[in-house]
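Colleague: Give me coordinates for this.
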Amino acid sequence: MNNQLRRFGVLAPPGNIALERELPLALPAGVTMNHNRLSRPGSDISADSLLAMAQSIERAAHDLAQAHPEIILYGCTSGSFLAGLGREAEVAQRIADLTGIASITTSTAVVDALRAVGAQRVFMLTPYPKDITLHEVDFLRHYGIATDGWDTFECPTSEAIRAVSSERVADRVLANRHRIDRCDTVFISCTNLLTMDQIAALEQELDKPVVSSNQASLWAVLRHMEADMPGRPDRLFAARGAVDVSLPRPAAAAA
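Modeller: A predicted model of the protein is given here:
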């Protein structure tokens, strides 16, 4: 055994345990993931708490960069779209400038993934309180993706989100089948919500693409690394001709 592997880095909220659970199980041979946690004042799902994580980026990104990943993922959906419409790539640019390593956010990955599967009208499931969910509706609309229906578990904390099993996620999606019928895609938001083992079955049952935050994050990272895609049956991993969202790179590299 040796350490001659391609690697990507993940910066995640302190209470997030789903990224570390799901992504390694889906990695292609020869690729590994290195993980570091951001800091925040508490585990409540609020705009102030989520945005406060940005204050710990310098420390967390500096430490993660010492593993020499090819790209760094800022792995929080809500924490990267709440800064303001059109500003979700700013945190990735900050990481790139701090470390000299290209970076991407989950929000950027989600937009790219939804475009890749041709999404125009989505049904969205989130674990967030309603105010955060409505922010995400606005975020998707900003990029030309309409949310024709949504539902939420209304989890108040990170602990409540990680208590939701992937089976409960699938059941909640299917309970909204009547609303999903008028949509072309299902989007399941939040990197702390387990989803990836349910996606293929949901796509078969609904006959529509199903995109989740963790799935989109992995797909976007591997595409930017030009690494082999895992042999997953998900429609996203079979998608071709995706429209790339600009990938922030270090200022020196862009010059």
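
Colleague: Doesn't F187 lie inside a helix?
Modeller: No. Judged by DSSP: H, G, I helix; E, B strand; the rest coil, F187 forms no part of a helix; its state is strand.

Colleague: quick one: contacts for it?
Modeller: V110, L114, A119, V122, F123, M124, L125, L140, V210, V211, S212 (CB atoms under 8 Å, 6 or more residues apart in numbering). (C-beta placed from N, C-alpha, C; glycine too.)

Colleague: Okay, and the beta partners of it?
Modeller: M124, V211 (DSSP bridges).

Colleague: any idea of the pLDDT on it?
Modeller: Looking at F187, its pLDDT reads 98.

Colleague: Phi and psi next, for M196.
Modeller: phi -70, psi -30 (degrees, to the nearest 10).

Colleague: I'd say it and S212 touch.
Modeller: Yes. Applying CB atoms under 8 Å, one finds M196 in contact with S212, separated by 6.5 Å.

Colleague: the more surrounded of those two?
Modeller: S212 (31 against 20; other CB atoms under 10 Å).

Colleague: That one contacts L194, doesn't it?
Modeller: No. Checked against CB under 8 Å, the pair S212 and L194 is beyond contact range at 9.1 Å.

Colleague: For burial, what's the neighbour tally of L202?
Modeller: L202 has 21 nearby residues by other CB under 10 Å.

Colleague: tell me the contacts of it?
Modeller: A170, V173, L174, V186, V210.

Colleague: and it, what element?
Modeller: helix 199-206 (DSSP states H and E).

Colleague: Which positions within that helix qualify as buried?
Modeller: For helix 199-206, a neighbour-count test (16 or more other CB atoms under 10 Å) marks I199, L202, E203, L206 as buried.

Colleague: now do stretch 37-54
Modeller: So stretch 37-54, judged by 16+ other CB under 10 Å, has buried residues 37-38, 40, 43-46, 49-54.

Colleague: Out of these, list just those in strands.
Modeller: Mapping the buried residues of stretch 37-54 onto strands (DSSP state E) picks out R37.

Colleague: Go ahead and confirm H135 touches F81.
Modeller: Yes. If you go by CB under 8 Å, H135 and F81 touch, sitting 6.7 Å apart.

Colleague: Cool, thanks, talk later.
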